[in-house]
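K.L.:
no sequence on this one, just coordinates:
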């Protein structure tokens, strides 16, 4: 008889991907803090963070210390959180609706959130007791409910026609809520308020502070967590609602949870930064091009690309025109529109 010889188990080394991802998550906000119209050396950024968080006592100019801690770092963190949250929101909506054009901006969610936020901030609804984020959430939910109702009344159902009807209803809803926002501004806002709000509606990170960081991160983590929790359901939804139901997915419950998480995240981000287009539309397509259609990879990669993209867009917005900060939505549109055109052309060539 031969004795069994124990074969030692060879442990595979951990993939370096997670190391690079972790480094990128840290490096992107630091780069967004260091870069700008007046660059700040990374050593100064590190020293300012050490002074503020660890009491290191590095001899820094108080102006540099204030710029790093009170202005640029929270701005970079909010940009990263909003980029990740909007990218995941677009991915979820595109999967649930099986439509490549679906995103919070196109489906009227951003427009409704803008109307709700402006109603609270300018028209005085809520008598100061309702925060902008709550008004934005109510507006986002109202807008999406209107879009879904209009799509159903127009004969939308499962399949390609239903998805097309939802997109058309979303365009109509966006125009309606944009018109309501303009009416509220013209009716209730002073000239100075109107100028500031119109700049904010194009996407503006100039006024963000540390209290906005916690709100934005909470919204991004919520929608990211909801998508990660329902990864298998999202894979099933890619084949349609009937296929998802046949695989045991509780379709209505999952749809309600994911759409509510998407609306909430979009509403919070609109209340902080204004409406930023093209992030939720383009980033999921870029992620699919890189890693395929499995949501176990799509969800984290979309969040990562969205984070880096919006931080980079904010840096470009601060540097593109000397002495002036552009609305970040202008930069995302300048980049996103050609990118989406390329995606459409590539899709036609592949078909």
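P.N.:
Done, it's in. Computed from a predicted model, the values in this text were never measured in an experiment.
K.L.:
which residue is nearest the centroid of the chain?
P.N.:
residue 86 (1.7 Å; Cα atoms, centre = their mean).
K.L.:
tell me which element it falls in.
P.N.:
helix 73-97 (DSSP states H and E).
K.L.:
Which elements pack onto that helix?
P.N.:
Other helices and strands packing on helix 73-97, by 3 or more Cβ pairs under 8 Å, 6 or more residues apart in numbering; DSSP states H and E, are helix 17-34, helix 160-188, helix 210-229, helix 231-237, helix 251-273, helix 279-291, helix 295-319. C-betas here are computed from N, CA, C, even on glycine.
K.L.:
what mean pLDDT does the first one have?
P.N.:
Yep, that's helix 17-34 we're talking about. Across helix 17-34, the average pLDDT comes to 86.
K.L.:
ok and it relative to helix 295-319, angle-wise?
P.N.:
20 degrees (axes from the mean of the first three to the mean of the last three Cα atoms, to 10 degrees).
K.L.:
Show me which residues of helix 17-34 are buried.
P.N.:
28, 29, 30, 31, 32, 33, 34 (16 or more other Cβ atoms under 10 Å).
K.L.:
Pick the one among these closest to residue 42.
P.N.:
Ranked by distance to residue 42 (Cβ to Cβ), these are led by residue 34 at 5.3 Å.
K.L.:
give me the low-pLDDT residue ranges for the chain?
P.N.:
1-16, 123-130, 155-164, 347-351 (pLDDT under 70).
K.L.:
please redo it, this time with the cut-off set to 50
P.N.:
Low-confidence segments of the chain, defined by pLDDT under 50: 1-10, 14, 127, 158-160.
K.L.:
mind checking which of the helices and strands packed on helix 73-97 is nearest residue 137?
P.N.:
Ranking the helices and strands packed on helix 73-97 by proximity to residue 137 (Cβ to Cβ) places helix 251-273 first, at 3.9 Å.
K.L.:
ok, how many other residues are close to residue 53?
P.N.:
Applying other Cβ atoms under 10 Å, we find 9 residues neighbouring residue 53.
K.L.:
give me phi/psi at it?
P.N.:
Main-chain dihedrals, residue 53, degrees, to the nearest 10: phi -100, psi -30.
K.L.:
State the number of residues packed around residue 61.
P.N.:
10.
K.L.:
Backbone dihedrals for it, both of them.
P.N.:
phi -60, psi 130.
K.L.:
So it versus residue 234, what's the distance?
P.N.:
From residue 61 across to residue 234, the span is 49 Å (Cβ to Cβ, to the nearest Å).
K.L.:
Then residue 208?
P.N.:
Between residue 208 and residue 234 the computed distance is 31 Å (Cβ to Cβ).
K.L.:
ok, the two, which is more surrounded?
P.N.:
Per other Cβ under 10 Å, whichever of residue 208 and residue 234 has more neighbours is residue 234, with 24 against 21.
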